[in-house]
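S.K.: can't give you the sequence, but here's the structure:
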């Protein structure tokens, strides 16, 4: 454990050297979300209605703000480029001779980056929330907020392992940005960060329910807004844990196979 | 005590032939030709604890593949190896804590951070106690004269300084075995010399077993008593450098400077002319004839100066490589 804390500490310092870039990444990621928020303002105005798909205007704005925040520090932050490069450019060789676990090394770095992005973003998030404070809904209850945080955390783990799996395909492919790009495109819709998933037609909802992505933004935000029943929350958490276990299982298996290939072919 | 032993160690790489062009790429989706390169062909050797052995060979001769197998990065295709009684490619932590590898072309230091941060990270990863860490760091930093650059971001260091820091990072856990893959590559002559001096001293003081690859002859001649020459995946010489010289250096190099201009004809009978420049000539003369011919040159020609040298080891090795082509 101490080893990985040391990795996190060094990573922290390394990323601090790039703080301007990380900060711009947060801002950049949020600008798109502000446009979406503007769109929803005019939808509500044009429809002259109080509620769309079960969401009042403040609920919708809060939903989109929350999704934007989650998006900026969890979903955009790290997407496995580094893992891909470490494998393809052979830095992995240097890691393999050391007495530590390389996947845990990557995990520590990844979560360190997420934490730093979040911290760099806090000021910006607060300013935007303040500007839109008339439309900002506070968490349904303190319990809901804490459960929401837990769900966001699990969503982050889910996200890491998903991209980890698609990055260590680098053992077999020269470049893995293709598959990862496809996931990102699917993710931009299926996490619910642009439009709440309940607004989609039933068939689509069925598809989204079979995918793991909704646990990254939609599910936590339902908890935040108090729109998820206790049964839904319990079911959601159970499903997310199954997904995480499955992905961890697959990643361990793939890692073993990949290492075998790496040590057979070299790099 | 034997620190490293390799027995019939072999490494084959399989790959698929790449056909040029778009059509070729498309065709290779369905039909691929498998090719095999034998990088290391059944090599065997042992290294005693505390020995400093040079691993010499041209590019692509299998040096790096061998080191990668010994450090557990690569699985051999056949054969076996033991380092400190461990099988390297099992990658056991107990083994990993007792050896280190420095690859001249790859860095383990974190680029944007001062070297000190990488050292602290290694301290945690290798679980080195603080007092031992401080002691080792001071010793190494003193010896390499880098105390003042420990807090400068690595990207701002010169290549020589970076290499020194790489060495420190690799030695902080006091490894019993050290693999060095081209540690002096790309360095200027002065930096090369400093690294060599350091390695020599470190090996003497710490009794660390060092296996070093290089294609710079000087590295090997200055550091190693024993050299393993490898060419095309096979060991073609394993033994003392002195013996290597005795065995292959059957000629001496005689450089003569004259007071007046001289013609080629006056010289060709003494030996093979390697260089000629009116008043200066370099001759290659077989060992048993050197004394006699030198005396004759002295007696018959207007000599200003005469120098008799051994053939450079570099020459010898080049000769061996060419013979094994």
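M.R.: Done, it's in. Because the structure is predicted, anything quoted here is derived from the model rather than measured. Residues are numbered from 1 along each chain as shown, chains lettered A, B, ... in the order given.

S.K.: show me what from chain B comes close to chain A.
M.R.: When proximity is defined as C-beta under 8 Å from any C-beta of the partner chain, chain B approaches chain A at B:13-15, B:65, B:68, B:71-75, B:89, B:91, B:93, B:96-97, B:99-101, B:103, B:106-108, B:110, B:112-113, B:117-118, B:120-127, B:153. Just so you know, the C-beta spots here come from the backbone N, C-alpha and C atoms, and that holds for glycine as well.

S.K.: the strands in chain B, which residues?
M.R.: B:2-16, B:34-48, B:52-56, B:78-83, B:99-103, B:177-181, B:209-214, B:226-231, B:234-240, B:251-258, B:272-277, B:280-286, B:303-310 (DSSP state E).

S.K.: show me the shaky parts of the chain.
M.R.: Just going to use chain A. For chain A, residues meeting the criterion pLDDT under 70 lie at A:78, A:266-267.

S.K.: not quite, I wanted chain B
M.R.: Across chain B, the ranges flagged by pLDDT under 70 are B:18-19, B:24-25, B:28-29, B:324-325.

S.K.: walk me through the domains of it.
M.R.: With domains defined by automatic domain parsing, chain B comprises B:2-12+B:40-246, B:250-311.

S.K.: format the ones you listed as JSON lines; extra columns: distance to residue A:166.
M.R.: Formatted as JSON lines, those follow (distance: least, C-beta to C-beta, whole Å):
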{"stretch": "domain B:2-12+B:40-246", "distance to residue A:166": "24"}
{"stretch": "domain B:250-311", "distance to residue A:166": "58"}
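
S.K.: longest helix of chain B?
M.R.: In chain B, ranked by residue count with DSSP state H as the criterion, the top helix is helix B:189-206.

S.K.: who's in contact with that one?
M.R.: With C-beta atoms under 8 Å, 6 or more residues apart in numbering or on different chains as the test, helix B:189-206 has contacts from B:50, B:52, B:143-145, B:159-160, B:163-164, B:167, B:171, B:174, B:180, B:183-184, B:187, B:208, B:210, B:212, B:216, B:218-219, B:222-223.

S.K.: likewise for stretch B:248-260?
M.R.: Contacts to stretch B:248-260, defined as C-beta under 8 Å, 6+ apart, come from residues B:270-271, B:274, B:279-287, B:290, B:293-294, B:297, B:301-311, B:316, B:319-320.

S.K.: ok, back up a step: off-centre distance for the longest helix of chain B?
M.R.: Between the centre of helix B:189-206 and the centre of its chain there are 13 Å (C-alpha atoms, centre = their mean, to the nearest Å).

S.K.: for stretch B:145-159, same thing?
M.R.: In terms of C-alpha atoms, centre = their mean, the centre of stretch B:145-159 is set 25 Å apart from its chain centre.

S.K.: which parts of it are buried?
M.R.: Buried residues in stretch B:145-159, counting neighbours by 16 or more other C-beta atoms under 10 Å in any protein chain shown, are found at B:146, B:149, B:153, B:154, B:157.

S.K.: okay, those residues in JSON lines with distance to residue A:12 next?
M.R.: Shown next, in JSON lines, are those (distance: C-beta to C-beta, whole Å):
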{"residue": "B:146", "distance to residue A:12": "25"}
{"residue": "B:149", "distance to residue A:12": "23"}
{"residue": "B:153", "distance to residue A:12": "15"}
{"residue": "B:154", "distance to residue A:12": "17"}
{"residue": "B:157", "distance to residue A:12": "22"}
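
S.K.: from these, which single one is nearest residue A:1?
M.R.: Closest approach to residue A:1 among the buried residues of stretch B:145-159 (C-beta to C-beta): residue B:154, at 26.6 Å.

S.K.: please tell me how far that closest one sits from chain A.
M.R.: As judged by C-beta to the nearest C-beta, to the nearest Å, residue B:154 and chain A stand 11 Å apart.

S.K.: how about the residue in the stretch 151-300 of chain B positioned nearest to chain A, what does it touch?
M.R.: With C-beta to the nearest C-beta, the shortest gap between the stretch 151-300 of chain B and chain A falls at residue B:153, namely 7.9 Å. Contact analysis of residue B:153 by C-beta under 8 Å, 6+ apart lists A:17, B:111, B:112, B:113, B:114.

S.K.: try it again with 10 Å
M.R.: By C-beta atoms under 10 Å, 6 or more residues apart in numbering or on different chains, the contact list for residue B:153 reads A:17, B:109, B:110, B:111, B:112, B:113, B:114, B:115, B:117.

S.K.: ok, and the most crowded of those?
M.R.: Highest neighbour count within the contacts of residue B:153: residue B:115, with 25 neighbours (other C-beta atoms under 10 Å in any protein chain shown).

S.K.: hmm, that one is touching residue B:144, no?
M.R.: No: between residue B:115 and residue B:144 there is no contact under C-beta atoms under 10 Å: 11.0 Å.

S.K.: spit out the residues that contact the two alike.
M.R.: B:161, B:164, B:165, B:168.

S.K.: which residue comes closest to residue B:55 once chain neighbours are left out?
M.R.: In space, and not counting its chain neighbours, residue B:55 is closest to residue B:213: 4.2 Å by C-beta to C-beta, 6 or more residues apart in numbering or on different chains.

S.K.: so how far is residue A:151 from the residue of the stretch 51-200 of chain B at minimum distance from chain A?
M.R.: The stretch 51-200 of chain B approaches chain A most closely through residue B:124 (3.6 Å), counting by C-beta to the nearest C-beta. Separation of residue B:124 from residue A:151 (C-beta to C-beta, to the nearest Å): 32 Å.

S.K.: between these two, who's got more neighbours?
M.R.: For residue B:124 and residue A:151, the more surrounded residue by other C-beta under 10 Å is residue A:151, and the numbers stand at 25 against 18.

S.K.: helix or strand for the more buried one, which one?
M.R.: Assigned by DSSP states H and E, residue A:151 belongs to helix A:142-167.

S.K.: pull out the buried residues from that helix.
M.R.: Residues of helix A:142-167 classed as buried by neighbour count (16+ other C-beta under 10 Å): A:144, A:147-148, A:151-152, A:154-167.

S.K.: now swap in stretch B:245-264 and tell me
M.R.: Going by neighbour count (16+ other C-beta under 10 Å), the buried part of stretch B:245-264 is B:248, B:249, B:251, B:252, B:253, B:254, B:256, B:258, B:262.

S.K.: between the two ends of it, how far is it?
M.R.: This stretch, stretch B:245-264, spans 29 Å end to end (C-alpha to C-alpha, to the nearest Å).

S.K.: quick one: distance of it to the chain centre.
M.R.: 29 Å.

S.K.: for the stretch 101-250 of chain A, which segments count as helices?
M.R.: Per DSSP state H, counting those that start in this stretch, the stretch 101-250 of chain A carries helices over the ranges A:102-131, A:142-167, A:177-190, A:202-210, A:218-224, A:230-265.

S.K.: check contacts around the residue in the stretch 101-250 of chain A that chain B sits nearest to.
M.R.: Nearest residue of the stretch 101-250 of chain A to chain B, counting by C-beta to the nearest C-beta: residue A:105, 9.0 Å away. Neighbour list for residue A:105: A:3, A:4, A:7, A:8, A:11, A:86, A:95, A:98, B:125 [criterion: C-beta under 10 Å, 6+ apart].
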